[in-house]
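A.B. asks: just need the structure, nothing else, for what follows:
(3 chains)
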Amino acid sequence: MSNPILKLIVQRIALGIVLLFAVSVLIFVGTQVLPGDVAQSILGQSATPQSLANLREQLGLNDPAYMRYFRWLGGLLTGDLGNALTSGLPIAPAISGRLANTLFLAATAAIVAVPLAILLGLLAVRYRNGPIDKAISAFALASTSFPEFFIGYLLVYFFAVKWQIFPAISTVFDGMSFLERLQAVALPATALTLVVLAHMMRMTRAAILNVMQSAYIETAELKGLRPLDVIRKHAFPNAIAPVVNVVMLNLAYLVVGVVVVEVIFVYPGMGQYLVDHVTKRDVPVVQAVGLIFAAVYIILNIVADIAAIVANPRLRHPK
Amino acid sequence: MAEVQANKKEGLLLDIRNLRIEATVYPPDEPPKTITLVDDVSLTLERGKVLGLIGESGAGKSTIGLSSMGYGRGGVRITGGEIILNGRDIMKGGRSGIRKIRGKEVCYVAQSAAAAFNPAHQLMDQVVEASLLHGTAKRATAEKKARELFRKLGLPDPDNIGKRYPHQVSGGQLQRVMTAMALCSEPDLIVFDEPTTALDVTTQIDVLAAIRDAIHATGVAALYITHDLAVVAQVADEIMVLRHGKLIEWGGTRQIIKEPRQEYTNALVSVHEIEHEEKKPTDTPFLSVKNVTASYGDGKVKVLKNVSVDIHPGQTLAVVGESGSGKSTLARAITGLLPPMEGSITFGGRTLSNSLTGRSKEDLRQLQMVYQMADVAMNPRQSIATIIGRPLEFYFGIKGAERDRRVAELLEKIEMGKGFADRYPAELSGGQKQRVCIARALAAKPKLIICDEVTSALDPLVANGILKLLLELQAEEDVAYLFITHDLATVKSIADSIAVMYRGGVVRYGAKSEVLAPPFDPYTDLLLSSVPEMEIGWLDKAIKSRRMESAGN
Amino acid sequence: MLDIKRIPPGAWIGLIVTGLFVFCAIFAPWVAPYGNAEIVGDVWEPMSAAHWLGTDNLGRDLLSRMIYGARITILIAVLATALAFSLGSILGFTAAVVGGWFDTLMSRFVDLLMSIPTLIFALVVLSVLPSNIVTLILVMGILDSTRVYRLSRAVAVDINVMDFVEAAKLRGEGRGWIIFREILPNALSPLVSELGLRFIYAVLFLSALSFLGLGVQPPSADWGGMVKENKDGIVFGIPAALIPAGAIAALAISVNLVADWILNRTTDLKGGRGNG
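C.D. replies: Reported below is the predicted structural model:
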């Protein structure tokens, strides 16, 4: 690996860190400066002015916004996410178990979705404009148009209620075996897979097709290579970068899809936790969880960019 | 090895009989339809001979070339005839039969080697790939042969160039590597598809010579596809002229270029012969570029260095140079699109504002521009009447019926009927589009029209028509041209004075007769001697007499 | 220029289904057999002649609620899309043509907004804002305008460097002519098809928010909200929640089909009479 690549990667990571800080500002501003009043929303419309003032004092709401931001940021950097308004308990311990649950669900979905999407994308390219390609693109159209809960409840209706193969509610608890866990997340993971599969497949198809239409593929064909060898030797090395990029972008998308899916299956993850506390207007929790989601999303995007940098032969072998 | 091969080159290699090639096109909102690209073409090629396939775009020459490998691009299908290679019909061998021929008996050299090489692999791996695939040689032998070919083709550092990646090698060199790749598996036939068209003239001549020498040394037969008769005359034994997928004329090279039998061939041969008498410069040029220096970005890379030229009323100044010489930048500096860092441009005795925004409407009217790519120079959503009529409206406030009358007049001037007024650019041919762009420039009644490579995207005959039109218009309207081109042949037919540019500077400047007469400076000499002439044996003479290495090496 | 015979069957289905939904939305009070909040029977009655789609979790006529739901869903989605489009395209075009600091500032800000997943950011903001339809439209419209901004800026930047725009600048044309006469007509077809996609996105986004209980508030309900109301029936084998969910899918697919068709019609056409 030579210098220009390293330089680009370092630049990209630095940019990502700057972005993370900017996002933390944005999330903070979004919850503090907007016209909503935290104290009012906690105590409700019937609160007396005195109790409102007390609560504002207690929450430090009378300090200038930038001070509150730095206090929050300082806490974040030391692992202290603050206390929930509703329960008064620290947020960090409450989150950790849920974060693990969410990651488990997302990973299960990704392990199924990624190879499947690439395989189907390849098939669509190999039999371009044929019935398989048409069927795949029809499926993709349907699946991008289906809301997550439609897919989710269809799965519940058939697999949990009619055929009773999997549980409708994904309960997980400590001490569950791996297989039990897997069975518990089977339906939500399937729903998530279906949600991202179409996108990933369509983008994979486009990326590979783009490579297949290059002049060097024609050169390979004119050397007498068999179609599979053309793909293996000439298309594949150039398709890795765009495909990795596609996968990463869709995993970022999956992180968002998890919110709705967790609510459907009452799965004890971050998404459910976030939605619950948005309804309760528990701002510190929303800020913390929102930032974690954003951070995961940003990191996946950075990985996608780095993959593209590393796989570019022009950068790997500079002049 | 060359001698051994030379012995076996007897007899018929390729015999194409009544070839018919069709493609299905899918126009939007219309049912798909089948069009015929090649219609009843037959040809034969002896071992070791070179047949030139020549024609304008759409003649079907590449399609015929690729058919010898049983290959059709996109939806192209071979629907009739026989392609007999080495005594057997390749279309009857099935897919695997055709694969055994490709890369072993027939190899291909593409127009753009830069796109045709896989960016992910080293050159050597790609060069020997076909030999290893077809088992014609072991890796060590194949690589040894490749290095020999690199040397023979005049590539620098032939022992190590194979370790490089395509983007690390220049365009002219890549084209030679591609030729080496085609020769490496010792095929019987190579299809050269416009192998020098994308190169600068001074690079083209070297690559052309290298290809020709390699063909002679190895005794391989070739189909050489190009639109340039002068180029093909240097390498081909026989020439076949094609038009709209049909055979026009087929004969020996000397016969085709000296005694063409068909009118169309004759037109192709005599395409450059426009007589243009040089006008003497006046005492007072109306536009002077004085010591202009310009750069892009932060000023570190100067693309124009201290350039001074004059343009006289009703005359043509041709600016000649290769890519990167700064000739188009000069046009951008004059129009104000790229404000010069130093120097000035005076117009009718006044100094023009350097930037576009500082110029009056009247100044802008006096300088009009015609672009290389006519199809992107016109708004595809505007009708021809709007396109030509807008300057009338904008500069002179002419509207309604009067505008329509003037548009019709201008269409008449560019030899197009007034029926074109309601059409859209997409419905016009390349030459017609360029004519409309000229009419749009004329509509402003300018003193100067800047023509930036206006003919280089066009087929030779069409380009010739545009040049003739420009000369006629100059005589009628007394408009001056700043004619930017890389093609010295066009310069001879249109210029009154010439500026030769090289790496951002003017290396030679003066009246046409002076610039084109010896003694030459080294660069002008190189440039002049690199322009292919329709003369058998020109290439040898040109290579022998050059004094300067071309930029592509 | 539109030849009815040449509309492919997919686009026909899209046009008809979309038309049907829009018709229901506009004429809801006349089309619906019962009132929106009217309790007409038992909880979760099965489909019958009186109640074609059965009744919901409170015994209201599901078909009537679907029809009123269409109204709210489509109204909010249309308004949010309109906001996203006007905001995004005006800023995008301006950034592309003006360039300089305005472009840099806008583009960096949009990058920042887009680096947070839209749903997450919407949840964060909705945790402090009052829950009403205006807030919902503003949040959805503003967040989605970032995508429209990116597209229109990219399209305009591409067109802005083309020779015919340069020719107009050399002629001395003003900014207005360049934006409205040179760039806009050529940017229209990608934008029109994007309009369809943005609308679908708005429908799905709204449904997701309402499903999570953060969108349209009871007693009125959009389709997403109806899924939430009826979701508890699923585990008892009552498919009432699947009906609004399916309606969302059907609307999204049909708009998709129409958008696809428009895009195909116009991208193949290099200019011409502009029948896109």
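A.B. asks: by contact count, what packs against the helix or strand A:R68 falls within?
C.D. replies: According to DSSP states H and E, A:R68 maps onto helix A:65-77. Using 3 or more Cβ pairs under 8 Å, 6 or more residues apart in numbering or on different chains; DSSP states H and E as the contact test, the elements touching helix A:65-77 are helix A:3-32, helix A:283-311. Backbone N, C-alpha and C define where each C-beta goes, glycine included.
A.B. asks: turn those helices into CSV, including distance to chain B and mean neighbour count.
C.D. replies: Shown next, in CSV, are the helices and strands packed on helix A:65-77 (distance: least, Cβ to the nearest Cβ, whole Å; neighbours: other Cβ atoms under 10 Å in any protein chain shown):
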stretch, distance to chain B, mean neighbour count
helix A:3-32, 13, 15
helix A:283-311, 9, 21
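A.B. asks: what's the closest of those to B:V292?
C.D. replies: Closest of these to B:V292 is helix A:3-32, at 35.2 Å (criterion: Cβ to Cβ).
A.B. asks: what mean pLDDT does the closest one get?
C.D. replies: The average pLDDT for helix A:3-32 rounds to 88.
A.B. asks: which other helices and strands contact it?
C.D. replies: On a contact count with 3+ Cβ pairs under 8 Å, 6+ apart, helix A:3-32 meets helix A:65-77, helix A:283-311, helix A:313-316, helix C:100-114, helix C:118-126.
A.B. asks: these: which one's closest to A:G175?
C.D. replies: Nearest of those (Cβ to Cβ): helix A:283-311, 25.4 Å.
A.B. asks: right, and the helix or strand after the least confident helix or strand in chain A by mean pLDDT?
C.D. replies: Here the helix or strand of chain A ranked lowest by mean pLDDT, DSSP states H and E is helix A:38-43, holding a mean of 66. On the C-terminal side of helix A:38-43, the closest following helix or strand by DSSP H and E is helix A:49-59.
A.B. asks: now stretch B:165-179: average pLDDT?
C.D. replies: For stretch B:165-179, mean pLDDT rounds to 89.
A.B. asks: hang on, I meant stretch A:250-270
C.D. replies: 88.
A.B. asks: where does pLDDT dip in chain C?
C.D. replies: C:1-5, C:265-276 (pLDDT under 70).
A.B. asks: if I look at the residue positioned nearest the centre of it, how far off is C:P190?
C.D. replies: Central residue of chain C (Cα atoms, centre = their mean): C:F199, 1.5 Å from the mean position. C:F199 sits 15 Å away from C:P190, taking Cβ to Cβ, to the nearest Å as the criterion.
A.B. asks: spell out for me which residue occupies the centre of the chain.
C.D. replies: Using chain A. Centrality entry for chain A: nearest residue to the mean C-alpha point is A:V255, 2.0 Å, by Cα atoms, centre = their mean.
A.B. asks: chain B is the one I meant
C.D. replies: B:T197 (5.2 Å).
A.B. asks: identify the residue nearest that one in space, chain neighbours excluded?
C.D. replies: What sits nearest to B:T197 in space, not counting adjacent residues and going by Cβ to Cβ, 6 or more residues apart in numbering or on different chains, is B:Q111, at 5.7 Å.
A.B. asks: residues near that neighbour, how many?
C.D. replies: 21 (other Cβ atoms under 10 Å in any protein chain shown).
A.B. asks: on that earlier part again, which residues are in contact with the residue nearest to the centre of chain A?
C.D. replies: A:106, A:293, A:296-297, A:300, C:117 (Cβ atoms under 8 Å, 6 or more residues apart in numbering or on different chains).
A.B. asks: likewise B:S545?
C.D. replies: B:S529.
A.B. asks: is it true that B:A59 touches B:L247?
C.D. replies: No. Contact criterion Cβ atoms under 8 Å: B:A59 and B:L247 do not qualify, at 10.0 Å.
A.B. asks: more crowded one of those two?
C.D. replies: Taking other Cβ under 10 Å, B:A59 and B:L247 do not tie; B:A59 has more neighbours (23 against 19).
A.B. asks: in which helix or strand does the more buried one reside?
C.D. replies: Counting by DSSP H and E, B:A59 is part of no helix or strand.
A.B. asks: tell me the spacing between it and B:V41.
C.D. replies: Counting by Cβ to Cβ, the gap from B:A59 to B:V41 is 10 Å.
A.B. asks: who touches both of these two?
C.D. replies: Common neighbours of B:A59 and B:V41 (Cβ under 8 Å, 6+ apart) are B:242, B:245.
A.B. asks: the residue of the stretch 1-150 of chain A found nearest chain B: neighbour count?
C.D. replies: Of all residues in the stretch 1-150 of chain A, A:N129 sits closest to chain B, at 10.1 Å by Cβ to the nearest Cβ. By other Cβ under 10 Å, 9 other residues sit near A:N129.
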